[in-house]
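Enquirer: quick one, structure for this:
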Amino acid sequence: SDSWFIATYTEGNPGSWRQIFGTPPFVQDYAYTIWSRAEDKTEPTPNVETNISSITFIFDMTNPETQVSYPADGEYYKTISYSSGTADDVLPVGAGKVRSGLTKVELQIQRQTDGYYYRTNGFINNISTWQTTTLWQSSWTINILNYWTNNTSYTIQSRAWDKAGNSQLSSLNYFIYDSSAPKSLVTLPNIDAQVFTQLPSITGTAQDWGLGKIKEVKVRIQRVTVTNPIDGDSIAGDNNWWTGGGWDGNWNENYWLSTTWNEGISEWVFATSGITFSYNGGYRIDVRAEDLATNYETIFASRTFIFRPPPSMSVINNPIHNKFYNSLTSLGGTANEETKSLFISIQRESDKYFRAPSSWTSEQTWLEITPSSPSWSYNPGNIWVSGSSYTIRSRGLSSWNILENETLIIPPAANSVRFSWDNEEPVSGYIKP
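Expert: As a prediction, this is how the structure comes out:
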């Protein structure tokens, strides 16, 4: 029902009135309308205003909400040209409830090294300063000029205002501006053209400057020709790239392969398992580090190396070089674990013929022995002739299909011995008396 209060009137031209409520009738988050109606002092009946005026207002004591979305808290950036976030004067739950609505959102950025605040002409002093953003329905944006200092931390905060004069600060976002690239190195191989018989992993280091932090380290591997004047050159490289599953002659950015990064010791490791290395192949590895601000190296550290697995190596233990025998049931020796297959040759010194499986031949002949390692033996049968000498040679074939030696090794050597066969009785006689 209509409720009219008698206001306190003060004479004037024009006069003014005021109504003080003992207990305010207003509940927050609702809109209210106030009408005013004047009466004069005429007798016997006062004249009463019929064309009454009114105003409507919202009683709002709740703060709006705002948050900085970009730059985000705890992040690293190499470029920042704007900031953005959200803001809202959230409508409360309840029938008929309203809010006054946002009027503006302001932004404050402080440089942590000196406490200076951002202005449109730079970070000038440590007097607190707020910049007005462009306000949208539930978000805000603002362009930021490039006054950033490399390897420096900043805090950023927004402040929202509603039409009732309520304001609210966002949480404080801490971020780091980093525009310098990190640096990485290869430590294994530790010199160029290093020769490896096995290489289970390639390792190195990486570092960033100041507040910067390494995000990841990647490597790429290319087959190249590597020159080593001391240990011998590699085979000719074809310049193909390791893709992670094979070799490709056409470069692709996806051939940068991830390593395992250990921030605690600033070391990266790249496992080589699965890479199809060529025997005596030459390789170059490039390394590229990227930091959390997405800066990465454009000039790469690199190392070259040669992959040369251990050769097959065999030894003849029986017979012994330069010994005489009248009984020899088997030939024997050992071979290393790199030996996939073992071959022996038996050469008769009198005519330089070689023993084939069942005869002698002038053709160089090698007999395959199974098993080949760690020890081997071969029973040639009754092939020895008294008064003759024989040369026994062995050579292994590695899992890379590389022979231990291509030529006939002249004894004495670990895998080449010569012995004599003598199974006739000696003859003795008298000279005197």
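Enquirer: and R393, what element?
Expert: strand 388-398 (DSSP states H and E).
Enquirer: any idea which element the spatially most central residue of the chain lies in?
Expert: Among the residues of the chain, the one closest to the centroid is E216, at 3.1 Å (C-alpha atoms, centre = their mean). Using DSSP H and E, E216 falls within strand 214-223.
Enquirer: what's near enough to touch the closest residue to T8 other than its chain neighbours?
Expert: Nearest non-adjacent residue to T8, counting by C-beta to C-beta, 6 or more residues apart in numbering: R18, 5.1 Å away. Any C-beta I mention is one placed from the backbone N, CA and C, and that applies to glycine too. By C-beta atoms under 8 Å, 6 or more residues apart in numbering, the contact list for R18 reads 7-8, 10.
Enquirer: how near is R18 to W4?
Expert: Look at R18 and W4: by C-beta to C-beta, to the nearest Å, they are 15 Å apart.
Enquirer: residues near Q198, how many?
Expert: If you count neighbours by other C-beta atoms under 10 Å, Q198 ends up with 10.
Enquirer: pull up the per-residue confidence for it.
Expert: The score at Q198 is 91. That number is its pLDDT.
Enquirer: what sits closest to it if chain neighbours are left out?
Expert: P309 (6.6 Å).
Enquirer: buried ones in stretch 83-99?
Expert: With burial defined by 16 or more other C-beta atoms under 10 Å, the residues of stretch 83-99 counted as buried are 83-89, 99.
Enquirer: what separation is there between V93 and S100?
Expert: 17 Å.
Enquirer: meant to ask about P319, not that
Expert: 108 Å.
Enquirer: assign N254 to helix, strand or coil.
Expert: helix (DSSP: H, G, I helix; E, B strand; the rest coil).
Enquirer: begin at 564 from now on, thanks
Expert: Done: numbering now begins at 564, and the last item shifts to N817.
Enquirer: and the furthest pair within the buried residues of stretch 646-662?
Expert: Within the buried residues of stretch 646-662, S646 and R662 form the most distant pair, 24.9 Å apart (C-beta to C-beta).
Enquirer: for the closest residue to G578 other than its chain neighbours, phi and psi?
Expert: In this structure, G578 finds its nearest non-sequential neighbour in Y572, 6.0 Å apart by C-beta to C-beta, 6+ apart. Dihedral angles of Y572 (phi, psi; degrees, to the nearest 10) stand at phi -100, psi 140.
Enquirer: can you get me the start-to-end distance on stretch 652-660?
Expert: For stretch 652-660, the first-to-last residue distance is 12 Å (C-alpha to C-alpha, to the nearest Å).
Enquirer: for the stretch 664-813 of the chain, which residues score under the pLDDT cut-off?
Expert: Within the stretch 664-813 of the chain, no range satisfies pLDDT under 70.
Enquirer: what is the neighbour count of the residue lying closest to E669 once chain neighbours are set aside?
Expert: Closest residue to E669 apart from its sequence neighbours, by C-beta to C-beta, 6+ apart: W693 at 3.9 Å. W693 has 16 neighbours, counted by other C-beta under 10 Å.
Enquirer: I'd say W693 and Q671 touch.
Expert: Yes: look at W693 against Q671 with C-beta atoms under 8 Å: they come within range, at 5.1 Å.
Enquirer: any common contacting residues for these two?
Expert: Common contact partners of W693 and Q671 (C-beta under 8 Å, 6+ apart): R722.
Enquirer: that older thread, got the CA coordinates for the strand holding E779 in CSV?
Expert: Below are the C-alpha coordinates for strand 777-786, written out as CSV (Å, rounded to 0.1, in the frame of the first residue of the first chain):
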residue,chain,number,x,y,z
ILE,A,777,64.6,-24.2,-19.5
LYS,A,778,61.4,-25.7,-20.9
GLU,A,779,62.9,-28.5,-23.0
VAL,A,780,65.9,-29.5,-25.0
LYS,A,781,65.7,-31.2,-28.5
VAL,A,782,68.2,-32.8,-30.7
ARG,A,783,68.5,-33.7,-34.4
ILE,A,784,70.8,-36.3,-35.9
GLN,A,785,72.2,-36.3,-39.5
ARG,A,786,74.3,-38.8,-41.3
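Enquirer: so how far is T718 from R674?
Expert: R674 sits at a distance of 9 Å from T718 (criterion: C-beta to C-beta).
Enquirer: who has more neighbours, these two?
Expert: Neighbour totals were compared for R674 and T718, and R674 leads with 19 against 16 (other C-beta under 10 Å).
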